[in-house]
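Student: heads up, no residue letters with this:
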């Protein structure tokens, strides 16, 4: 399941329906038989994990105990079950331009190197800009749609209106209690869990060419159905004491494309959660995406094609596997 956590939380389905389960290694405890421990939570609903997060302070110790009760008949082989997206959030806050190396690479790719500046000069100037932003600036956020979420092993259809679809592996923080205007020093106390996200992007729709003065269009470029593979598991923040120490790796057809530590973030997870909470109350089950490291397809000059397979791994959180398929012709 993971290389770090003794247990995690997942949303699964079998022949008799969907349910939330505690995952330990290659086994899953079906929590439907433990309903008396979680009053008011419908453990068969797709919102079950969100219901547990709403009472996380009391639910987490119970889940820890149930994870150790291995002698009951409530455990099932993971291979017999379908793994669904582990969460249906209300809000998705997405941080952009939050990895130093990624931003520097983007600056080089967009710079006019032949117009008086060398690549080294662009890198040096961008690095100085990042230092200034880190010292004096604030995180950059936009909003995603929950309808873009799909499961960690589901195929994703690439919309036919573009051939410039890209990957963006990200660490996401899962909010565990209402969070409004908290400081960075207390922000991680409001994070219940962490989860793997691949924030797919249609590159040629990021900027509005018809109205360049309004800048980016994240709605069209990031919210197609399935463009937010999520999971496989929610891993308690107790098992991730330092989110800046995790490592993110994405492979495309077996070739490593992204391979970076979260230490390269410009603003830490705590700073991002705090910053997002200054504007809007964050609710249990909300996701705060923390940006993507260097190594996107735009950097490699190799975007997604029909049949490509991405495997996305973050230390201790598991691995998701996503195959992309071209949209059928609409002729």
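Tutor: Looks like it arrived, so ask away. Since the model is a prediction, treat every value here as computed from it, not as a measurement.
Student: so what's residue 128 scoring on pLDDT?
Tutor: At residue 128, the pLDDT value in this model is 84.
Student: try residue 328
Tutor: For residue 328, pLDDT reads 87.
Student: ok, and the closest non-adjacent residue to it?
Tutor: Of all residues not flanking residue 328 in the chain, residue 160 sits nearest, at 8.0 Å (Cβ to Cβ, 6 or more residues apart in numbering). Bear in mind the C-beta positions are built from the backbone N, C-alpha and C, glycine included.
Student: do residue 26 as well
Tutor: Nearest to residue 26 is residue 78, by Cβ to Cβ, 6+ apart, at 5.0 Å.
Student: Between the two ends of stretch 12-20, what distance do you get?
Tutor: 6 Å (Cα to Cα, to the nearest Å).
Student: Name the residues of it that come out as buried.
Tutor: Using 16 or more other Cβ atoms under 10 Å as the test for burial, stretch 12-20 gives 12, 18, 19, 20.
Student: and the gap between the second one and residue 43?
Tutor: When Cβ to Cβ, to the nearest Å is the yardstick, residue 18 and residue 43 sit 9 Å from each other.
Student: re the thing from before, out of the buried residues of stretch 12-20, who's nearest residue 251?
Tutor: Nearest to residue 251 out of these is residue 12 (Cβ to Cβ; 25.0 Å).
Student: Surely the closest one is within a strand?
Tutor: Yes: according to DSSP: H, G, I helix; E, B strand; the rest coil, residue 12 belongs to a strand.
Student: tell me the contacts of it?
Tutor: 18, 19, 20, 21, 28, 81, 82, 83, 84 (Cβ atoms under 8 Å, 6 or more residues apart in numbering).
Student: What sits closest to residue 263 if chain neighbours are left out?
Tutor: Using Cβ to Cβ, 6+ apart, the closest residue to residue 263 is residue 244 (5.1 Å).
Student: Read off the pLDDT value for that neighbour.
Tutor: 98.
Student: quick one: residue 118 and residue 105, what's the gap?
Tutor: 15 Å.
Student: of those two, who's got more company?
Tutor: residue 105 (20 against 11; other Cβ atoms under 10 Å).
Student: if I pick the more buried one, what's in contact with it?
Tutor: Residue 105 is in contact with 294, 299, counting by Cβ under 8 Å, 6+ apart.
Student: Is it possible to get JSON lines of the contacts of residue 12 that adds secondary structure?
Tutor: Output for the contacts of residue 12, formatted as JSON lines (three-state DSSP):
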{"residue": "18", "secondary structure": "strand"}
{"residue": "19", "secondary structure": "strand"}
{"residue": "20", "secondary structure": "strand"}
{"residue": "21", "secondary structure": "strand"}
{"residue": "28", "secondary structure": "strand"}
{"residue": "81", "secondary structure": "coil"}
{"residue": "82", "secondary structure": "strand"}
{"residue": "83", "secondary structure": "strand"}
{"residue": "84", "secondary structure": "strand"}
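Student: gap between the residue nearest to residue 26 and residue 14?
Tutor: Taking Cβ to Cβ, one finds residue 78 at 11 Å from residue 14.
Student: Equivalent analysis for residue 73, please.
Tutor: 15 Å.
Student: most centrally placed residue in the chain?
Tutor: The chain has residue 197 as the residue nearest its centroid, 2.4 Å off, counting by Cα atoms, centre = their mean.
Student: Can you name the residues bridging to that residue?
Tutor: Per DSSP bridges, the residues bridged to residue 197 are residue 170, residue 230.
Student: Look at it and report its pLDDT.
Tutor: pLDDT, residue 197: 98.
Student: pretty sure the residue nearest to residue 328 contacts residue 327?
Tutor: Yes: using Cβ atoms under 8 Å, residue 160 makes contact with residue 327 at a distance of 4.0 Å.
Student: Show me how this protein divides into domains.
Tutor: 8-83, 92-326 (automatic domain parsing).
Student: which of those sits most buried?
Tutor: Counting by mean count of other Cβ atoms under 10 Å, domain 92-326 has the highest mean neighbour count of the domains of the chain, with a mean of 19.
Student: show me what contacts residue 64?
Tutor: So residue 64 contacts residue 7 (Cβ under 8 Å, 6+ apart).
Student: any idea how far it lies from residue 9?
Tutor: 11 Å.
Student: who's in contact with the biggest helix by length in the chain?
Tutor: Ranked by residue count and defined by DSSP state H, the top helix of the chain is helix 119-136. Applying Cβ under 8 Å, 6+ apart, the external contacts of helix 119-136 come out as 100, 103, 104, 107, 108, 111, 113, 117, 266, 267.
Student: Let me have the residues you listed in CSV, extended by secondary structure, distance to residue 212 and pLDDT.
Tutor: As requested, these are exported to CSV (DSSP: H, G, I helix; E, B strand; the rest coil; distance: Cβ to Cβ, whole Å; pLDDT from 0 to 100):
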residue, secondary structure, distance to residue 212, pLDDT
100, helix, 27, 89
103, helix, 20, 80
104, helix, 24, 82
107, helix, 18, 71
108, helix, 21, 72
111, coil, 18, 61
113, coil, 22, 50
117, coil, 22, 75
266, coil, 25, 94
267, coil, 27, 96
